[in-house]
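Trainee: Sequence below, structure please.
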Amino acid sequence: MTQDAYTLALPQVQTSCMVFASPHSGRAYSRDFLMRTVLDEEQIRSSEDAFMDQLVAPAAKYGSPLIAATMPRAFVDLNRACDELDPAVVEGVRRPAPNPRIASGLGVIPRVVSNGRAIYSGKLTLAEASERIDQYWRPYHTRLAQLMDDTNRNFGRAVLVDFHSMPHEAVQSAARIGFAKPEVVLGDRFGAAADGQLVDEIETIFLEAGLRVSRNAPFAGAYITQTYGRPSRGHHAIQVEIDRSLYMNEQRIRPNGNFDSFSKLMEKIVARIADVGRSEMPLAAE
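Mentor: Residues are numbered from 1 along each chain as shown. A predicted model of the protein is given here:
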């Protein structure tokens, strides 16, 4: 039986124009996939946004839908275009125009996980890659697009808040000399994907929760932010990257001693973000 492409938590009544998503928290590692990879079970999970779907799970309780991937990022990356195929890992693919994501092994069918560790010893067939895209990539994006369209129609705008996690070491490059390293990075593609006031409000929510925030460095947003962030159409997209070390042991991929308290903090953050979408559209939700 084929694994569903996503889980969807819908509120009894949607009262906010915020749409929450977690595209990299999938952890349905099939036996066949684990047999194909040369990595062990901890290594293959190193690119997974582990537990992020759990941390934002309260979204539905506060009137917003939440869509979360089921399949792992190492299997198919939902934050890449479906044609970002890597000829180094998929047979029969023509060499693409220069693309830094493909060149680094992070196409829609990834070649590597974190620290450049190869996932496979050989290549996949184009048929295998296409099957993954058809069964998991397309259904996820079809449903996400529908959520955005429905929300925009009902509220006059739709705001995708796309949650990810980042390795603690990734924030090193985001720190300015003399300043503490950020714990949260908000990406709006330097203003192209979302209204600036919305980003300001979300930044304030994280700051008032006691977290250090930066914008667009080192993560400005990839395919999802670029595709769903169309402010002229009433669609906005903001990528949220959270330092994994705040709530998990990155080496063992397990919750750390701070997980429960951070989960409670995240519920407050999720509630406040949903409130932003509710307070700006008081009549549309009636």
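
Trainee: quick one: T125 from R254, how far?
Mentor: Using C-beta to C-beta, to the nearest Å, T125 is found at 35 Å from R254. Any C-beta I mention is one placed from the backbone N, CA and C, and that applies to glycine too.

Trainee: An error on my part: the question was meant for R153.
Mentor: R153 is 42 Å from R254, by C-beta to C-beta.

Trainee: for S165, same thing?
Mentor: For S165 relative to R254 (C-beta to C-beta), the value is 14 Å.

Trainee: who's more crowded, these two?
Mentor: Comparing S165 with R254 by other C-beta atoms under 10 Å, the one with more neighbours is S165, at 25 against 12.

Trainee: Three-state assignment for that one, please.
Mentor: Three-state assignment for S165 (DSSP: H, G, I helix; E, B strand; the rest coil): strand.

Trainee: residues touching it, list them.
Mentor: Contacts for S165 (C-beta atoms under 8 Å, 6 or more residues apart in numbering) come out as 24, 49-52, 241-244.

Trainee: Would you mind measuring from it to N154?
Mentor: For S165, the distance to N154 equals 30 Å [C-beta to C-beta].

Trainee: what does V90 give?
Mentor: 40 Å.

Trainee: Looking at those two now, which is surrounded by more residues?
Mentor: Between V90 and N154, counting by other C-beta under 10 Å, V90 is the more crowded of the two (20 against 14).

Trainee: can you tell me which residues contact that one?
Mentor: 109, 123-126, 128-129.

Trainee: How about it: what's its closest non-neighbour residue?
Mentor: Distance criterion C-beta to C-beta, 6 or more residues apart in numbering; nearest residue to V90, sequence neighbours excluded, is A129 at 4.6 Å.

Trainee: where does the stretch 51-200 of the chain dip in pLDDT?
Mentor: For the stretch 51-200 of the chain, the stretches with pLDDT under 70 are 172-178.

Trainee: Mind jotting down where the strands sit in it?
Mentor: 66-69, 158-166, 184-187 (DSSP state E, counting those that start in this stretch).

Trainee: For D260, find the nearest of those.
Mentor: Evaluated over the strands of the stretch 51-200 of the chain, closeness to D260 peaks at strand 158-166, with 17.1 Å, by C-beta to C-beta.

Trainee: Parallel or antiparallel, list what pairs with the closest one.
Mentor: strand 18-22 (parallel), strand 235-243 (parallel) (DSSP bridges).

Trainee: which other helices and strands contact the longest helix belonging to the chain?
Mentor: Longest helix of the chain, by residue count under DSSP state H: helix 259-279. Judged by 3 or more C-beta pairs under 8 Å, 6 or more residues apart in numbering; DSSP states H and E, helix 259-279 is in contact with strand 18-22, helix 52-55, strand 158-166, helix 196-208.

Trainee: switch to 7 Å and redo it
Mentor: strand 18-22, helix 196-208 (3 or more C-beta pairs under 7 Å, 6 or more residues apart in numbering; DSSP states H and E).

Trainee: Fine by me, thanks again.
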